[in-house]
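A.B. asks: turn this into a model:
(chains A and B)
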Amino acid sequence: MSDNNHKTPQTKPRFSATFDEYTNSEIRRAAATGIYDIRGAGSKRKLPHFDDLLFLGASVSRYPLEGYREKCGTDVVLGTRFAKKPIHLKTPVTIAGMSFGSLSGPAKESLGRGATAAGTSTTTGDGGMTQEERGHSKTLVYQYLPSRYGMNPDDLRKADAIELVIGQGAKPGGGGMLLGQKITKRVAKMRCLPEGIDQRSSCRHPDWTGPDDLEIKIAELREITDWEKPIYVKVGATRPYFDVALAVKAGADVIVLDGMQGGTAATQEVFIEHVGIPILAAIRPAVKALQDLGVYRNGKESVQLIVSGGIRNGADVAKAIALGADAVAIGTAALVALGDNDPHLEDEYQKLGTTAGAYDDWHEGKDPAGITTQDPELMKRVDPIKAGHRLANYIAVMTMEAQVVARACGKSHLHNLEPEDLVALTIEASAMAQVPLAGTNWIPGVSKF
Amino acid sequence: METLKFDLDTKPLREINQFLHGDADTLNGKKVVIENPNGAHSLAVGLKADVDVTIKGHSGYYAAGMNQLAKVTIEGSAGSGVGENMMSGVVHVKGFASNAAGATANGGLLIIDGDAGLRCGIALKGADIVIGGSVGSFSAFMAQAGNMVILGDAGEGLGDSIYEAKLFVRGKVKSLGADCEEKTMNAEDKQILADLLKKSGHANVSPDSFKQYGSARTLYHFHVDNAGAY
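C.D. replies: Prediction:
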């Protein structure tokens, strides 16, 4: 019986967890346009990550080092296996490959300046080497990509190392794309393409197909550069044990392993969020492959491991190294340090239909920060000296933070960090990083609870 | 002209390539002969001087890769990626060439007297390639610039997703790839073809016996109506 004096209680409107606001907006966008969503950056969903790990620090059973008094080394040497001239860096934080084309000339110059001031390396990208970048980078890694856009043997010889790119974490198995808005006269000339077209980069190398061919290709690059330069092989994190083993067998000096949080200039949203695995799950299998092949921290025979994909601070650096990496690479974080997605540009982000911190339409070339653009007016907003200084500061902070953690664990060098220094906060992270769940000796898949 | 001989039976490849990477002023105008190549990979790669290299036999992968200025003659057949990413100079294969011949080549002239395998001229970036025989499938895939002359037949998917490269075929084309179409040969193109035929030892072949292919330019911008072609 109804009571006229009281309204019938109503349940509150309930939004679906499956069909959430973002999902529905994407359905409407796809229905209206008939084309998939393209964006830049890496995976944005919450993934098991370094935040799910903690350092145990020293106590009765471990002896800490005195902060600011006792040395904690941070240097790293890359490419000791075959190269006559290995790379020596002061910090294990390197700058990941990002192309001129996707980034403006001043942004590339800023990366070079910042990396050089911090004592680390920076890396070219699809589209070749620019004078801005070479001129301002003490240590420059030259990417050798499937598209071979701008690939020039003179530049290969000018590089300090060569990174043979097989894939990247944001889109393992996919090629690149640079939409027409960013194919300006200069970019088109460097890539030998008509101006203003939507450029596709191939997903496979044109002149080799499998791991046996890769070995011959690496040998060719060594012959061309007289065995001087370290040769890195970059893979997106998918099947890290086998990919790393095959790259080592093919003759790599250094492996670059990029998780799905690693950014891209542009690709399909579905690719970024649904292909590849988080970096947390990839490091231990990669290290296992190096150990099984006898090239893990084995003197001159060593193959070094650089990991990337969501590195943000010194804790992430220390955790990646404790899990077995020799160095890390930052891309998205470096762009933020230069000024990407800065709140002071909020009004302009709003005009683009987004907000500071969420702007990822890097392919459209309208970046108010002047970083992911080829617009001559917008790119003037990047002051390479100031932006480079900010990047150098940021890398210095990350390095010092990693030292703080390492000293607390009693380590006199970042490379002395080890998995035994870590525990996991979640069962997932415990299984992926192969460190015990905090307060237990349990590692799912390794030991019994 | 001084001729230097290297015998791969007795000298390591590294030593030969290191010599060929020497000072350009010293190497310019020299003739170098490599004997007993026996299919070795990476022969005469990364050259950057006006030197004349003859390989007396078959070469393996990537012979004359990234060549600049030099003339490299292979008096046999060549493995995959011969003349890959060459920038200038001339690479001449007197026999057959395997897959990906002239891949991503930016400049210079690659001459193949016999047939070439799959993906010949893939992602061509401005070089000229003349093939005396036929080419395998997927040749000139995503070819961006330059010219490719095929005196024989072409396999499946010729010129798939081609950009601005020009393809001239004398024989049959099994099929054209996405966005590749037959073009009308204008006087300028005919002259390009005639010049390449002359430079590659086919001066007696009439340009009129060729058909020309190039980009229909319908895939230059992403569009939902082209979804079937992506």
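
A.B. asks: can you pull the residues of the stretch 151-300 of chain A lying near chain B?
C.D. replies: Counting by Cβ under 8 Å from any Cβ of the partner chain, the stretch 151-300 of chain A comes close to chain B at A:151-154, A:156, A:179-180, A:191-194, A:197-198, A:200, A:202, A:206-208, A:213, A:216-217, A:219-220, A:223-227. Bear in mind the C-beta positions are built from the backbone N, C-alpha and C, glycine included.

A.B. asks: among these, name the buried ones.
C.D. replies: Buried by 16 or more other Cβ atoms under 10 Å in any protein chain shown: A:151-153, A:156, A:179-180, A:191-194, A:197-198, A:200, A:202, A:206-208, A:213, A:216-217, A:219-220, A:223-225, A:227, out of those.

A.B. asks: what stretches of the chain score poorly on pLDDT?
C.D. replies: Unless you meant another one, I'm taking chain A. Counting by pLDDT under 70, chain A contains low-confidence ranges at A:1-5.

A.B. asks: could you do chain B instead?
C.D. replies: Segments of chain B classed as low confidence (criterion: pLDDT under 70) are B:1, B:224, B:227-230.

A.B. asks: can you map out the helices along it?
C.D. replies: Under the criterion DSSP state H, chain B carries helices at the ranges B:13-20, B:24-27, B:187-199.

A.B. asks: I'd like the ones you listed as CSV, with distance to B:Asn36 and mean neighbour count appended.
C.D. replies: Supplementary listing: the helices of chain B in CSV, determined by distance: least, Cβ to Cβ, whole Å; neighbours: other Cβ atoms under 10 Å in any protein chain shown:
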stretch, distance to B:Asn36, mean neighbour count
helix B:13-20, 11, 18
helix B:24-27, 22, 14
helix B:187-199, 30, 15
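
A.B. asks: for B:Glu75, which of those helices is the nearest?
C.D. replies: Taking Cβ to Cβ, helix B:13-20 is the member of these nearest to B:Glu75, at 16.1 Å.

A.B. asks: helices and strands around that closest one, which ones?
C.D. replies: On a contact count with 3 or more Cβ pairs under 8 Å, 6 or more residues apart in numbering or on different chains; DSSP states H and E, helix B:13-20 meets helix A:211-224, strand B:3-7, strand B:31-35.

A.B. asks: most tightly packed of those?
C.D. replies: With neighbours defined by mean count of other Cβ atoms under 10 Å in any protein chain shown, none of the helices and strands packed on helix B:13-20 is more surrounded on average than helix A:211-224, at a mean of 21.

A.B. asks: between that helix and helix B:13-20, how big is the angle?
C.D. replies: Orientation check (axes from the mean of the first three to the mean of the last three Cα atoms, to 10 degrees): helix A:211-224 against helix B:13-20 gives 40 degrees.

A.B. asks: downstream of helix A:211-224, the next helix or strand is which one?
C.D. replies: strand A:231-236 (DSSP states H and E).

A.B. asks: direction included, what does that following strand pair against?
C.D. replies: In its sheet, strand A:231-236 lies beside strand A:161-165 (parallel), strand A:254-258 (parallel), with partners assigned from DSSP bridges.

A.B. asks: contacts only, for the nearest residue to A:His413 once chain neighbours are set aside.
C.D. replies: With Cβ to Cβ, 6 or more residues apart in numbering or on different chains as the measure, A:Gly73 is the residue that lies nearest to A:His413, at 3.8 Å, once sequence neighbours are left out. Taking Cβ atoms under 8 Å, 6 or more residues apart in numbering or on different chains as the criterion, A:Gly73 is in contact with A:Ser412, A:His413, A:Leu414, A:His415.

A.B. asks: let's go with 10 Å and repeat that
C.D. replies: Contact partners of A:Gly73, counting by Cβ atoms under 10 Å, 6 or more residues apart in numbering or on different chains, are A:Lys90, A:Gln403, A:Ala406, A:Lys411, A:Ser412, A:His413, A:Leu414, A:His415, A:Asn416.

A.B. asks: same check on A:Lys448?
C.D. replies: Going by Cβ under 10 Å, 6+ apart, the list of residues near A:Lys448 reads A:Asn441, A:Trp442.

A.B. asks: list phi and psi for it.
C.D. replies: With angles defined as degrees, to the nearest 10, A:Lys448 shows backbone torsions of phi -90, psi 150.

A.B. asks: I'd like the distance between the residue nearest to A:His413 and B:Leu4.
C.D. replies: From A:Gly73 over to B:Leu4 the distance is 49 Å, taken as Cβ to Cβ, to the nearest Å.

A.B. asks: which element is encountered next along the chain beyond the top helix by length along chain A?
C.D. replies: With residue count as the measure and DSSP H as the assignment, chain A has helix A:384-408 as its longest helix. Helices and strands here follow DSSP H and E; after helix A:384-408, the next one along the chain is strand A:422-424.

A.B. asks: whatever helix or strand comes next after that next one: which residues count as buried?
C.D. replies: Proceeding N to C from strand A:422-424, the next assigned helix or strand is helix A:427-433, under DSSP H and E. Residues of helix A:427-433 classed as buried under the neighbour-count rule (16+ other Cβ under 10 Å) are A:Glu428, A:Ala429, A:Ser430, A:Ala431, A:Met432, A:Ala433.

A.B. asks: and stretch B:170-182, by the same measure?
C.D. replies: B:Arg170, B:Gly171, B:Val173, B:Leu176, B:Gly177, B:Ala178, B:Asp179, B:Cys180.

A.B. asks: okay if I get these as TSV plus distance to B:Asp52?
C.D. replies: Written out in TSV, the entries for the buried residues of stretch B:170-182 read as follows (distance: Cβ to Cβ, whole Å):
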residue	distance to B:Asp52
B:Arg170	29
B:Gly171	32
B:Val173	35
B:Leu176	38
B:Gly177	37
B:Ala178	41
B:Asp179	40
B:Cys180	36
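
A.B. asks: let me see the contact set for residue 212.
C.D. replies: Looking at chain A here, since you left the chain open. With Cβ under 10 Å, 6+ apart as the criterion, the residues that contact A:Asp212 are A:Leu246, A:Lys249, A:Ala250.

A.B. asks: that's the wrong chain, I wanted chain B
C.D. replies: When contacts are counted by Cβ under 10 Å, 6+ apart, B:Gln212 is found next to B:147, B:166-169, B:181-186, B:189-190, B:192-193.

A.B. asks: from B:Gly108, how far out is B:Gly83?
C.D. replies: Between B:Gly83 and B:Gly108 the distance, using Cβ to Cβ, works out to 8 Å.

A.B. asks: okay, the two: which has more neighbours?
C.D. replies: Set B:Gly83 next to B:Gly108 and count neighbours by other Cβ atoms under 10 Å in any protein chain shown: B:Gly83 wins out with 33 against 24.

A.B. asks: what comes up buried for stretch A:336-355?
C.D. replies: Across stretch A:336-355, burial judged by 16+ other Cβ under 10 Å covers A:Val336, A:Ala337, A:Leu338, A:Gly339, A:Asp340, A:Asn341, A:Asp342, A:Leu345, A:Glu348, A:Tyr349.
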